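Participant: okay, sequence plus prediction incoming.
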Amino acid sequence: MVGMSGKTASRVAVLMGGPSAEREVSLSSGRECANALEEAGFEVVTVDAGPDLAVRLAEIKPDVVFNALHGRWGEDGCVQGLLEWLRLPYTHSGVLASALAMDKQRTKDAYVAAGLPVAPSVLIAKSEVSARHVMPVPYVVKPYNEGSSVGVYLVTEGANGPPQLGPEMPETVMVEAFVPGRELTTTVVGNRALGVTDILTDGWYDFDAKYKPGGSRHVCPAILPDGITDACRDYALRAHRILGCRGVSRTDFRWDEARGLAGLVLLETNTQPGMTPTSLSPEQARAEGISFPELCRWMVEDASCDR
């Protein structure tokens with residue numbers, strides 16, 4: 001296999017774990033990806049990313065680094081910068097796109113500049129959010145630089161008062177108008193948008209719903225009007241390009257079907273989509289006839305520096 005590094009890739013280091021709030025998800029993703037890459041014929045070394053990461057990689061001497069990290073440090077441009085410094089070809093997006101997509105407000109600014117629809121939101125001090133309703137209910141409060149619905153508060157019509165945010169929340173948070181309707185998502189692989197998944201839950205699509213077996217149900221491909229399917233695919237590909245993503249990304253939407261196309265808004269773009277047994281991107285790839293080992297092989301083939 002010829003990677004963009006210009007040589008045959010045979011030894012792949014899979015980065016997993018790490019220190020973020022999404023460590024357990026990353027460990028699961030890393031194990032799944034390592035198994036798939038071994039099935040695809042690679043020599044695989046798994047690395048639980050810690051402060052000695054540069055030393056470990058120098059010892060392993062991989063041809064390609066498969067980034068299965070999630071959350072801060074792993075998908076915000078930090079580890080990408082380290083890999084650029086070491087000149088090790090790696091998967092997924094580069095430094096700038098990773099940092100931009102991890103910052104939900106700057107991501108939205110990029111969407112708006114490109115004419116893509118978003119829900120109104122504001123960055124505001126945590127203390128102020130706990131003191132008063134900073135926008136009409138219903139609304140969502142969340143960190144602006146975490147993923148996987150970590151630390152998300154939904155404030156509904158029946159709320160007795162503003163949310164009392166826990167100590168895990170940062171000093172500045174995003175408050176976003178809640179968009180009713182269906183949770184949709186579309187994966188982009190290279191320059192190709194895959195299908196659309198409709199995510200069904202019994203309540204809020206939080207961390208447990210995303211990652212615990214039975215936490216959510218996926219309809220893939222989603223049963224939608226053709227215009228909405230086409231719009232999701234178009235918007236996801238445009239978001240991927242606008243942010244400068246590489247490899248695989250996944251863009252999440254809310255769709256208020258009562259409003260038709262006007263009810264479709266982008267929530268965020270994930271530059272490190274989950275690769276767990278319940279994850280969406282591998283499922284969408286399977287629906288397109290791409291097996292999980294084939295998807296992981298493609299990601300290794302696509303790896304490079306200067307992303």
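Facilitator: Looks like it came in fine. Note that the coordinates shown come from a computational prediction; the quantities given were computed from them, not determined experimentally.
Participant: C-alpha only now, for contacts and for neighbours.
Facilitator: Will do.
Participant: residue 256 against residue 178, yeah?
Facilitator: No: shown here, residue 256 and residue 178 do not form a contact pair, counting by CA atoms under 8 Å, at 10.8 Å.
Participant: shared neighbours, the two?
Facilitator: Residues touching both residue 256 and residue 178 (CA atoms under 8 Å, 6 or more residues apart in numbering): none.
Participant: what mean pLDDT does stretch 44-58 have?
Facilitator: For stretch 44-58, mean pLDDT is 97.
Participant: end-to-end on it?
Facilitator: 15 Å (CA to CA, to the nearest Å).
Participant: in that stretch, what's buried?
Facilitator: For stretch 44-58, the buried set under the neighbour-count rule, 16 or more other CA atoms under 10 Å, comprises 44, 45, 46, 47, 48, 49, 53, 54, 57.
Participant: could you do stretch 113-121 as well?
Facilitator: Neighbour counts over stretch 113-121 (16+ other CA under 10 Å) mark 116, 117, 118, 121 as buried.
Participant: mind telling me what element residue 174 is part of?
Facilitator: Remark: residue 174 resides in strand 172-177, with elements defined by DSSP states H and E.
Participant: roughly how far is that strand from the heart of the chain?
Facilitator: From the chain centre to the centre of strand 172-177 is a distance of 18 Å (CA atoms, centre = their mean, to the nearest Å).
Participant: same deal with stretch 252-272?
Facilitator: With CA atoms, centre = their mean, you get 15 Å for stretch 252-272.
Participant: now do the buried residues in it.
Facilitator: So for stretch 252-272, counting by 16+ other CA under 10 Å, buried means 252-257, 263-272.
Participant: what about those, which are in strands?
Facilitator: Among the buried residues of stretch 252-272, the ones falling in strands (DSSP state E) are 252, 253, 254, 255, 264, 265, 266, 267, 268, 269, 270.
Participant: ok, of these, which one's closest to residue 242?
Facilitator: Ranked by distance to residue 242 (CA to CA), these are led by residue 269 at 10.7 Å.
Participant: spatially central residue in this structure, please.
Facilitator: residue 270 (2.3 Å; CA atoms, centre = their mean).
Participant: give the bridge partners for that residue, please.
Facilitator: residue 250 (DSSP bridges).
Participant: in the chain, where is pLDDT below threshold?
Facilitator: 1-8, 146-150, 203-215, 277 (pLDDT under 70).
Participant: now do the strands in it.
Facilitator: Per DSSP E, the chain carries strands over the ranges 11-16, 43-48, 64-67, 121-125, 139-142, 153-155, 172-177, 182-189, 192-200, 217-219, 248-255, 264-270.
Participant: and the gap between the residue lying farthest from the centre of the chain and residue 151?
Facilitator: Distance from the C-alpha centroid of the chain, by CA atoms, centre = their mean, peaks at residue 160 (32.8 Å). Going from residue 160 to residue 151 by CA to CA gives 20 Å.
Participant: domain parsing for this structure?
Facilitator: 11-91, 101-117+180-293, 121-177 (automatic domain parsing).
Participant: okay if I get the ones you listed as JSON lines plus distance to residue 304?
Facilitator: Shown next, in JSON lines, are these (distance: least, CA to CA, whole Å):
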{"stretch": "domain 11-91", "distance to residue 304": "4"}
{"stretch": "domain 101-117+180-293", "distance to residue 304": "10"}
{"stretch": "domain 121-177", "distance to residue 304": "24"}
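Participant: residue 306 is nearest to which of these?
Facilitator: Comparing these by CA to CA, domain 11-91 comes nearest, at 6.9 Å.
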